[in-house]
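[1] Show me how the following folds:
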Amino acid sequence: MSSPPGAQGIVVFSGGSAANNLVDVFKTVRENKKCPLSYVIPISDNGGSSSELIRVFGGPGIGDVRSRLVRLIPDDPDHDDSEKAAIKVFFNHRLPKDRLAAKQEWLQIIEADHALWANISTAKKELIRSILNVVNYEILQRLRPSSAFDFSSASIGNLFLTGARLFTNSLESAIYLLSSICSVPSHTSVLPAISSNFTHHIRAGLADSTFITGQNAISHPSHPSHLEYPSTTSSPPTSTSTSETEYHDTIEDANPPGSLPTLRKPYLTFSKTPPTPTSDDLPARITRIWYINPYGQEIRLAANPRVLSALSSAQAVVYSIGSLYTSIVPSLILRGVGAALASPRIRCKILVLNSTVDRETGPSSRPFRAIDFVGAVANAAAQSQSVGGGAEGGKELGREEYGRYVTHVIHLAGEGTPEVDRGELQGLGIECLRVYGRRVEGEGWVRYDEKALVQALEVTMGRRERGMERLRRNTLEG
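    Model (predicted):
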């Protein structure tokens, strides 16, 4: 179903894993409003198999883009479409953790001698295989005695997107090709926050004047966080030893000279679901996120023009669930985004509050409240418009400015959920809607109920239908 001419769209800022659970919610809202839907995804992820692709090939972190594209493969309950199911399994498949076993399975796949190819038509199979052979050839070209590609836990979808990007020399073309193969509807777009063939890393500044480099180290490190200190202070020097730097200098890889040693390390093993959300607290709250060049200097990057185009015709913006500072904020601080978000033409700017705090929104002794989430979003958007670092004028926004960037907060209630002071937010012109959630066995937090969240979003965006108020009383508290 195509969108009517001039239909105002919905733009969703999100990362990968967490927001994938809400894809059906946003799909339903889009269908009911008959408008385009755009997902804005950051490309700063440097963990998992993406870290090995970045080490060897450079280029953006494309894991979250791939996972969203594959998640958007249409499901048709009325038809048995075995090929779409097979393509979804294929691009979500990860090779074994054992290095040798992973290499052997990879060879089976590119030689078309693997069960994953079953139910994929010959035309699509040979197209996919040709791209995988491109990336395999590039891997062989880059093979050196000091550097061999590690296929451990590699995502086939990530390898495909990398091969397509190398072949076309365009990230957008690679996304278009995977979208076409996955039959992603034309009314739904997956937009990288930055359209680039280069790697872009982020750094987090903490309230104690230390900072952490790289998304993986900020969000879900494999090892205790490496804290860095500004060179202008009398604090202890960074813990990166000379021998470590010299070791990485001996490895021939895609990193340009001067790349920070902390960004050259592989991060193939990590967990996004620790035993408790705050089991590894940061020493202080995160105050700001910024992009850096390979030498560690702050840079200000422009947003993908397609992202700005989507915002210019949006009726609503949604800041989705996910890691606040590594999934949402990296897209908001890009040049052009903040000014677009500040426009009063966008009627609804909706923050869907996380159901719990995590490493980025702790520490456990002082977890983020709703007002802190709102402030982080608003300050990131203001930072996008500043000439130097920081928010507008180099200072944090006053709370009275938060309503320019967030107009509504949708949240859950219950043990472990962030505290919401409705009066505090309403005093800033920000409306709150509480949605009843559900607990999943084995999980320590509440999940959003899909039907309730759909209704909350539609009520917020102004959709009114007979019976809506009756349904709303069952699921919402406005």
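[2] Alpha carbons only: can I get the helix or strand hosting residue 157 in CSV?
    Assigned by DSSP states H and E, residue 157 belongs to helix 156-168. The C-alpha trace of helix 156-168 is given here as CSV (Å, rounded to 0.1, in the frame of the first residue of the first chain):
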residue,chain,number,x,y,z
ILE,A,156,26.4,-13.1,7.0
GLY,A,157,24.2,-10.0,6.6
ASN,A,158,27.0,-7.7,7.7
LEU,A,159,29.5,-9.4,5.3
PHE,A,160,27.0,-9.0,2.5
LEU,A,161,26.4,-5.2,3.2
THR,A,162,30.2,-4.7,3.4
GLY,A,163,30.7,-6.5,0.1
ALA,A,164,28.0,-4.5,-1.6
ARG,A,165,29.5,-1.2,-0.2
LEU,A,166,32.9,-2.2,-1.5
PHE,A,167,31.6,-3.1,-4.9
THR,A,168,29.4,0.0,-5.4
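[3] Beyond that helix, next helix or strand please.
    Where DSSP H and E defines the elements, the next helix or strand beyond helix 156-168 is helix 171-181.
[4] So what sits opposite residue 11 in the bridge?
    Beta-bridge partners recorded for residue 11 (DSSP bridges): residue 38, residue 317.
[5] and it, what is it in contact with?
    Applying C-beta atoms under 8 Å, 6 or more residues apart in numbering to residue 11 gives the contacts 38, 40, 307, 310, 311, 314, 316, 317, 318. Every residue, glycine included, has its C-beta placed from N, CA and C.
[6] Check residue 64 too.
    Counting by C-beta under 8 Å, 6+ apart, residue 64 has contacts 15, 16, 17, 41, 42, 43, 45, 327.
[7] With residue 352 instead?
    By C-beta under 8 Å, 6+ apart, the neighbours of residue 352 are 22, 318, 319, 320, 321, 410, 411, 448, 453.
[8] Which parts of the chain are strands?
    Along the chain, counting by DSSP state E, strands occupy 9-13, 37-41, 188-192, 201-206, 211-213, 286-292, 298-299, 314-319, 348-352, 408-411, 431-435, 437-439, 446-448, 476-477.
[9] now the ones you listed in TSV, with distance to residue 181 and mean pLDDT?
    Shown next, in TSV, are these (distance: least, C-beta to C-beta, whole Å; pLDDT from 0 to 100):
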stretch	distance to residue 181	mean pLDDT
strand 9-13	22	98
strand 37-41	18	98
strand 188-192	13	98
strand 201-206	29	95
strand 211-213	35	92
strand 286-292	31	95
strand 298-299	34	94
strand 314-319	27	97
strand 348-352	30	98
strand 408-411	34	98
strand 431-435	35	96
strand 437-439	34	83
strand 446-448	30	89
strand 476-477	39	54
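[10] what's the neighbour count on the nearest residue to residue 67 once chain neighbours are set aside?
    Distance criterion C-beta to C-beta, 6 or more residues apart in numbering; nearest residue to residue 67, sequence neighbours excluded, is residue 16 at 4.5 Å. Residues within reach of residue 16, counting by other C-beta atoms under 10 Å, total 21.
[11] do the same with the one 5 residues further on
    With neighbours defined by other C-beta under 10 Å, the count for residue 21 comes to 15.
[12] check contacts around it.
    Residue 21 neighbours (C-beta under 8 Å, 6+ apart): 321, 447.
[13] among the contacts of residue 352, who's most crowded?
    Highest count within those by other C-beta under 10 Å belongs to residue 319, 30 neighbours.
[14] separation between that one and residue 377?
    6 Å (C-beta to C-beta, to the nearest Å).
[15] hmm, back to that, measure the residue nearest to residue 67 to residue 352 for me?
    Taken as C-beta to C-beta, the span from residue 16 to residue 352 is 16 Å.
[16] do residue 187 as well
    Per C-beta to C-beta, residue 187 is found 21 Å from residue 352.
[17] Ok, residue 59 next?
    30 Å.
[18] one step back: roughly how far does the residue nearest to residue 67 sit from residue 380?
    Counting by C-beta to C-beta - residue 16 and residue 380 are separated by 19 Å.
[19] how long is stretch 165-177 end to end?
    10 Å (C-alpha to C-alpha, to the nearest Å).
[20] Show residues contacting it.
    For stretch 165-177, the external contacting residues (C-beta under 8 Å, 6+ apart) are 43, 57, 59-60, 62, 65, 69, 131, 134-135, 138, 161-162, 164, 190, 192, 195-197, 306.
[21] Got a PyMOL select line for the buried ones in those?
    To isolate the buried ones among the contacts of stretch 165-177 in PyMOL, judged by 16 or more other C-beta atoms under 10 Å, type:
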select buried, resi 43+57+59+60+62+65+69+131+134+135+138+161+162+164+190+192+195+196
